[in-house]
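Novice: Got a predicted structure plus its sequence, pasted below:
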Amino acid sequence: QLQASGGGLVHPGGSLRLSCVASGSIFAIKGMGWYRQAPGKERELVADITNDGNIRYGDSVKGRFTISRGNAKTTMYLQMDSLKPEDTAIYYCGADVIPDSGAYYPWDHWGHGTLVTVSS
């Protein structure tokens with residue numbers, strides 16, 4: 001189970017910090033990431049991070065957003081600075097989880113999302 005939080009309304013140029021916590025029958029988490037979906041648009045990668053520290057950012061957020069993981073590796077954060085109206089979307093956290101039991105399906109764990117609205 002993944003729980004995302006931290007969304008809200010912010011003015012252009014402002015900042016927000018999103019959090020995502022993974023819980024449940026987890027043996028290991030290979031990677032975690034943020035995706036977003038704006039009204040009428042397809043879901044797109046915001047950023048993801050693997051256990052060995054590899055990070056990818058979507059082109060539209062490079063230099064403005066920073067992804068990180070907590071020491072426990074079951075938490076993930078997204079620091080969003082210099083926000084723009086086009087960043088308005090529902091932000092979803094996902095994880096590549098190896099479960100304690102049962103079959104493993106890559107990137108099969110997703111949270112319900114948190115809404116970020118950037119508007120003056």
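Specialist: Cool, the structure landed.

Novice: downstream neighbour of the helix or strand of the chain with the lowest mean pLDDT in the secondary structure list?
Specialist: Ranked by mean pLDDT, DSSP states H and E, the weakest helix or strand in the chain is strand 109-110, scoring a mean of 90. Downstream of strand 109-110, the first helix or strand assigned by DSSP states H and E is strand 114-118.

Novice: who does that following strand touch, helix- and strand-wise?
Specialist: Using 3 or more C-beta pairs under 8 Å, 6 or more residues apart in numbering; DSSP states H and E, the elements in contact with strand 114-118 are strand 8-10, strand 16-22, strand 89-99. From N, CA and C alone the C-beta is placed, and that goes for glycine too.

Novice: residues of that strand that come out buried?
Specialist: The neighbour-count criterion (16 or more other C-beta atoms under 10 Å) identifies 114, 116, 118 as the buried residues of strand 114-118.
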